[in-house]
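>>> Predicted model, plus sequence, below.
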Amino acid sequence: MSEHFDVLIVGAGISGVAAAYHLQDQLPGTSFAILESQDGFGGTWKTHRYPGIRSDSDLYTFGYRFKPWVGPPIATAEEILSYLGEVIEENGMARHIRYGHQVTNARWSSDENLWTLTATRLETGEETRFTAGFLWMCQGYYRHSEGYTPQWEGVEDFQGQIVHPQTWPDDLDTSGKRIVVIGSGATAATIVPALASKCQHVTMLQRSPTYFNIRPNVHELAQALREIEVDEELIHPIVRKRILYDQDAFIRRCINEPEAVKQELLGLVRAHAGDGVDVEKHFTPSYRPWRQRIAMVPDGDLFKVIRDGHASVVTDEIERFSETGIVLKSGEELEADIIVTATGFNLNVLGDIDFTVDGVPLDFHETLTYRGMMFTGIPNMVWVFGYFRASWTLRSELIADFVCRLLAHMNAIGAKSVEPMPRASERDMKLSPWVDPEDFNPGYLMRGMHLLPKRGTTREWQHTQDYWHEKDEFPNIDLTDELFVYDGGRASA
Ligand SMILES: Cc1cc2nc3c(=O)[nH]c(=O)nc-3n(C[C@H](O)[C@H](O)[C@H](O)COP(=O)(O)OP(=O)(O)OC[C@H]3O[C@@H](n4cnc5c(N)ncnc54)[C@H](O)[C@@H]3O)c2cc1C
């Protein structure tokens with residue numbers, strides 16, 4: 001027995017909720033369900049419970065375009081969850097979400113033009129089947145059950161506690177403890193100030209420095225508009241536009257005048273960290289700004305605790321763990337009661353789901369991507385992978401508009417399946433790995449490149465990571481283009 005829907009959405013995070021909202025709004029009458037393994041919505045913002053957890057992006061752009069954000073630009077996980085909860089409630093979406101359903105298997109049949117999904121109900125262990133004409137993968141990009149921890153020598157000797165931010169124990173007592181946080185990205189920069197006030201001392205141990213942008217957690221334009229009593233419905237799109245315009249200008253500057261941007265960012269760090277910190281050693285990355293995501297430090301909180309002496313930074317490599325802490329390559333030893341491994345994620349491209357297409361196991365790496373959202377050889381499936389350099393949600397919504405348009409087009413021409421295929425003139429296109437490491441090279445992507453689809457030589461066959469072009473390109477995608485093959489080439493587009 002199985003339940004049938006027009007569309008099945010996997011994941012009830014930011015992207016899955018966006019998918020459901022736009023499906024309801026733009027294609028009323030379409031039957032759909034969201035299958036979510038956790039016992040609640042929110043994805044990333046439900047999974048991560050470490051102290052201080054907050055967004056790195058501003059919520060004017062990380063929030064949806066259809067629901068005004070009225071809080072401070074950088075938001076806590078709790079604030080994001082409550083915003084998502086309102087979206088679900090205000091739009092009557094709860095009845096479509098099946099929590100505690102872990103999708104394990106997805107089979108496409110070209111004979112039936114149908115996806116069959118098997119999900120395990122986590123409460124009972126029972127297997128349930130669903131079928132759908134279209135599959136919308138909103139499963140995120142990393143494994144939610146555990147984070148990435150490198151192999152270090154001597155870990156088993158350490159007598160204290162080792163904690164990964166992704167699986168933070170609710171009852172972890174940090175008061176009076178000596179804590180070492182391994183990592184230098186946004187997560188480490190969030191945890192360090194959040195722990196500093198309670199514990200004895202916290203050390204941020206990094207192999208290499210990260211760029212930080214330090215800003216007050218207010219948006220001046222939003223403040224000014226509120227002061228003159230402009231409606232939030234109006235403030236939201238205006239502030240979004242302002243932020244997106246400024247981000248575009250900033251990214252261009254990172255490319256055209258990287259040295260000037262670097263000096264500006266380092267100048268901010270110098271001003272906030274005070275004289276006691278070696279900015280050259282601890283906060284000057286070797287790469288140009290924007291090659292990796294620039295971490296936001298709202299109100300300079302990380303630098304405040306460093307300046308006050310509650311926290312410090314060590315830039316060195318780990319030789320091994322010892323009974324009492326970490327021995328560094330320099331010979332120095334960092335003593336610790338708790339070691340926090342803010343060392344990142346395990347890339348998880350398809351939610352640990354076994355896919356088959358007409359009985360053949362899917363090798364995702366062997367596919368070619370169409371705009372980072374559809375894939376050759378996988379019919380009726382769209383996958384949401386957001387932006388690194390702009391808010392993820394911007395892309396979730398662009399893709400949502402595209403899917404709704406695609407489904408409406410298929411209805412109009414009576415097509416039951418669609419898949420992308422390079423045009424005849426593009427069949428010999430050179431294929432490369434998913435991203436160019438020269439352009440963007442965070443660890444989890446470099447470790448997982450062999451799992452990701454390939455990209456071609458033109459923008460259409462790549463995930464360009466470029467919101468500012470895609471916002472104009474996506475609404476104009478020609479659905480009658482020969483690259484969209486409907487019903488295996490049988491339907492007329
Ligand atoms: C700590 C942290 C902070 C971040 N901050 C930002 C930020 O400020 N700005 C930004 O743009 N991005 C940020 N990101 C990236 C972030 O993950 C995305 O922005 C966004 O939250 C992703 O939403 P999503 O719905 O696509 O995926 P997720 O949030 O990962 O949600 C996916 C959902 O799918 C479910 N799922 C997965 N597999 C299955 C399965 N097989 N069966 C059923 N359900 C499944 C998961 O349980 C999860 O609930 C951050 C990431 C992390 C980890």
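Arrived safely.

>>> need the residues of the chain near the ligand, please.
10-16, 35-38, 43-44, 48, 55-57, 62, 102-103, 138-140, 144, 187, 351-353, 384, 386, 391-392 (C-beta under 6 Å from any ligand atom). All C-beta spots, glycine's among them, are computed from the backbone N, C-alpha and C.

>>> Counting only strands, which of these make the cut?
Among these, DSSP state E puts 10, 35, 102-103 in strands.

>>> Pull out the buried residues from the residues of the chain next to the ligand.
10-16, 35-38, 43-44, 48, 55-57, 62, 102-103, 138-140, 144, 187, 351, 353, 384, 386, 391-392 (16 or more other C-beta atoms under 10 Å).

>>> Please name every helix or strand in contact with the helix with the most length in the chain.
Counting by DSSP state H, the longest helix found in the chain is helix 232-256. Packed against helix 232-256 by the contact rule (3 or more C-beta pairs under 8 Å, 6 or more residues apart in numbering; DSSP states H and E) you find helix 59-62, helix 220-227, helix 258-273, helix 467-473.

>>> chain center to it, what's the gap?
20 Å (C-alpha atoms, centre = their mean, to the nearest Å).

>>> which of the residues in it are buried?
For helix 232-256, by 16+ other C-beta under 10 Å, it's 235-236, 239-240, 243-244, 247, 250-251, 254.

>>> Next, the angle helix 258-273 makes with that helix.
Put simply, helix 232-256 runs at 120 degrees to helix 258-273, going by axes from the mean of the first three to the mean of the last three C-alpha atoms, to 10 degrees.

>>> Need the residues that contact helix 232-256.
58, 60-61, 63, 65, 67-70, 219, 221-222, 225-226, 260-261, 288-290, 389-390, 467-468 (C-beta atoms under 8 Å, 6 or more residues apart in numbering).

>>> Would you map the strands across the stretch 301-450 of the chain?
311-315, 318-321, 325-328, 333-335, 338-341, 354-357, 360-361, 369-370, 374-375, 381-383, 418-420 (DSSP state E, counting those that start in this stretch).

>>> a markdown table please, covering the ones you listed and showing mean pLDDT.
Output for those, formatted as a markdown table (pLDDT from 0 to 100):
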| stretch | mean pLDDT |
| --- | --- |
| strand 311-315 | 97 |
| strand 318-321 | 98 |
| strand 325-328 | 98 |
| strand 333-335 | 98 |
| strand 338-341 | 98 |
| strand 354-357 | 98 |
| strand 360-361 | 98 |
| strand 369-370 | 98 |
| strand 374-375 | 98 |
| strand 381-383 | 98 |
| strand 418-420 | 98 |
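
>>> Take the ones you listed and lay them out in JSON lines including mean neighbour count.
Rendered in JSON lines, the data for these read as follows (neighbours: other C-beta atoms under 10 Å):
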{"stretch": "strand 311-315", "mean neighbour count": "19"}
{"stretch": "strand 318-321", "mean neighbour count": "18"}
{"stretch": "strand 325-328", "mean neighbour count": "19"}
{"stretch": "strand 333-335", "mean neighbour count": "15"}
{"stretch": "strand 338-341", "mean neighbour count": "24"}
{"stretch": "strand 354-357", "mean neighbour count": "16"}
{"stretch": "strand 360-361", "mean neighbour count": "9"}
{"stretch": "strand 369-370", "mean neighbour count": "24"}
{"stretch": "strand 374-375", "mean neighbour count": "23"}
{"stretch": "strand 381-383", "mean neighbour count": "24"}
{"stretch": "strand 418-420", "mean neighbour count": "23"}
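
>>> can you tell me which of those strands comes nearest to residue 132?
Nearest to residue 132, of all the strands of the stretch 301-450 of the chain, is strand 381-383, at 10.2 Å by C-beta to C-beta.

>>> thinking again about what came up before, return the member of the ones in strands among the residues of the chain next to the ligand nearest to the ligand.
residue 103 (3.7 Å; C-beta to the nearest ligand atom).

>>> Let me know the pLDDT of that closest one.
Residue 103 is assigned 98 on the pLDDT scale.

>>> ok, it - contacts?
10, 35, 37, 117-119, 351, 353.

>>> Name the nearest of those relative to the ligand.
Nearest member of the contacts of residue 103 to the ligand, counting by C-beta to the nearest ligand atom, is residue 351, at 2.9 Å.

>>> Now that closest one: closest residue in space that isn't a chain neighbour?
Among residues not flanking residue 351 along the chain, residue 139 sits closest, at 3.4 Å (C-beta to C-beta, 6 or more residues apart in numbering).

>>> pretty sure the one you found is in contact with residue 8, am I right?
No. At 11.8 Å, residue 139 does not count as touching residue 8 under the criterion of C-beta atoms under 8 Å.

>>> Mind listing what's buried along stretch 426-436?
429, 434-435.

>>> Closest one to residue 24 out of those residues, please.
The closest of these, once distances to residue 24 are taken by C-beta to C-beta, is residue 434, at 31.5 Å.

>>> okay, the closest one: pLDDT?
91.

>>> For the ligand, see how far away residue 96 is.
Noted for residue 96: a distance of 14 Å to the ligand, by C-beta to the nearest ligand atom, to the nearest Å.

>>> For that residue, give me its contacts.
Residue 96 touches 20, 32-34, counting by C-beta under 8 Å, 6+ apart.
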